[in-house]
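> Just the structure for this:
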Amino acid sequence: MTRCRKLVAAVAGALLLSGCGEFAGMYDTPLPGGAELGDHPFRLTVQFTDVLDLVPQAAVKVADVPVGRVEEIALSEDTHYAVVRIVVNGGVVLPANSGAELRQSSLLGEKFVELRGPSAGEQADGRLGEGAVIPLAKTNRNPEVEEVLGALSLLLNGGGIDQLRTISQELTNALSGNEADIRALLSRVDEVATELDGHKGEIVRAIDGLNRLSSTLNSQTDDLEVALNDLAPGLQVVTTQRDQLVGMLQSLDKLSDVAVTTVNASRDELIADLRALEPTLEKLAEAGQNLPTALKILPTYPFPDAAGAVVKGDYANVRARVDLNLDSLVQNFLNSSQPPIALPQNPSAPPPPSLPLPTAPPPLGVPGGGVLGGLDGLLDGILGGG
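Presented below is the predicted three-dimensional model:
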């Protein structure tokens, strides 16, 4: 009997020692009422800047429903943040860009990890799976009760309440007795706001134009930099010539004073001259359509404008037709009823009576007959004709 007891004790001790080899403490003991992990759970890594008093075996929830638990809490290799490894039921479907938040079940309750979907305005992408990591950018934590009470204490104990009372008193003093002005100011502000609202389209277009301008300037940054660098020598030249520029401006100021004095002194004469030019300008305006045609012959006056085509370099082509028929010349002079020189006319006087012309003398006895025949013979003799 004693031998059997020893054997049972030895077996029990061996089992106890083997069990102690795998038992790492109470942290390895699942909490009662925890989440059901199912047959195919997956593990995630969540990064937090601060895990507060979160402990292993804490719950992991989605929409306040337990879906997993915390397996391990460790420190990152660079010791800048905490690394929380969790295990989640394999039936939970969450986007790959989901986030996590450290929350508290009640005022004095336990901490747990809340998994949430993408933030507002962010499109869901992919699916969380085995080995996925939720980075610091997508994790957060709720404020602690101690932090809230501390902030409230700071506010109540000289943290700003007294300043608010002072501001309220000063506003009351400023508004007392100025109600009419305040109402007028508010009415004016309302009018300005209404006016701005009516021009919001133009304001939006102006902002868009500024945006395009800034984009254009941004694309031409190199050119602007070169221009600004090249502007420095020019500014240096202007600086060295500052005295000359100032002197020029002072001289222009003096010239302006002299010009104003001169114009004021000769105002009446200038107005009279302008009025005297009025008829001439009116006639020029009336003849405006004829001026281009008249100006065409100005370079070749007194010849027509076609005379320019006659001159070729230092010579001119001339084609003339001379009528030396003396019979025609004498006949034109004898038959003309116009005096060689125009005489003044008297409209009231009757026209003079026409006088009879004298008869021509008898022809001389020159061969060829007639006066013209004699002249022809004379010319032939002078010119050596036969």
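> Surely Ser119 is in a strand?
No - Ser119: not assigned to a strand; according to DSSP: H, G, I helix; E, B strand; the rest coil it is coil.
> In contact with it, which residues?
Neighbour list for Ser119: Gly99 [criterion: C-beta atoms under 8 Å, 6 or more residues apart in numbering]. In this view, the C-beta of every residue, glycine as well, is placed from N, C-alpha and C.
> what about it, distance to Gly129?
21 Å (C-beta to C-beta, to the nearest Å).
> One more: Asp273?
From Asp273 to Gly129 the distance is 100 Å (C-beta to C-beta).
> next one: Leu149
Distance, Leu149 to Gly129, by C-beta to C-beta: 41 Å.
> got it, and His199?
Distance from His199 to Gly129, counting by C-beta to C-beta: 54 Å.
> same thing with Leu255?
Distance from Leu255 to Gly129, counting by C-beta to C-beta: 88 Å.
> okay, and the helix or strand of the protein with the least pLDDT?
helix 371-383 (a mean of 45; mean pLDDT, DSSP states H and E).
> now the longest helix belonging to the chain, how far from the chain's geometric center?
Looking across the chain with DSSP state H, the single longest helix is helix 242-265. Relative to its chain's centre, helix 242-265 lies at 39 Å (C-alpha atoms, centre = their mean, to the nearest Å).
> do the same with stretch 119-134
Relative to the chain's own centre, stretch 119-134 is displaced by 41 Å; criterion: C-alpha atoms, centre = their mean.
> First residue to last residue on it, what's the distance there?
Terminal residues of stretch 119-134 lie 13 Å apart, using C-alpha to C-alpha, to the nearest Å.
> Okay, buried residues for it please.
Residues of stretch 119-134 classed as buried by neighbour count (16 or more other C-beta atoms under 10 Å): 128, 132, 134.
> show me the contacts for Asp53.
Asp53 sits next to Lys111 when contact means C-beta under 8 Å, 6+ apart.
> Surely Gly68 is within a strand?
Yes - using three-state DSSP, the secondary structure at Gly68 is a strand.
> Okay, and the beta partners of it?
Applying DSSP bridges to Gly68 gives these bridge partners: Val60, Val88.
> Thought Val84 was touching it, still the case?
No - judged on C-beta atoms under 8 Å, Gly68 makes no contact with Val84 at a distance of 11.4 Å.
> Against Gln169, how distant is Leu281?
78 Å.
> I meant to write Arg212 there.
In terms of C-beta to C-beta, Arg212 sits 50 Å off from Gln169.
> just Val60 next, same as before
Computed with C-beta to C-beta, the distance linking Val60 and Gln169 is 53 Å.
> Name the residue in these two with the higher neighbour count.
Neighbour tally, Val60 and Gln169, criterion other C-beta atoms under 10 Å: the higher count belongs to Val60, 25 against 10.
> Walking through this protein, point out its helices one by one.
Assigned by DSSP H, the helices in the chain fall at 2-22, 145-156, 161-175, 179-198, 200-219, 221-240, 242-265, 267-286, 291-296, 326-335, 371-383.
> How far off centre is the fourth one?
Averaging C-alpha positions (C-alpha atoms, centre = their mean) puts helix 179-198 31 Å from its chain's average.
> Just the buried positions in it, please.
Buried residues in helix 179-198, counted by 16+ other C-beta under 10 Å: none are found.
> what's it packed up against?
Based on contacts counted as 3 or more C-beta pairs under 8 Å, 6 or more residues apart in numbering; DSSP states H and E, there is no element that helix 179-198 packs against.
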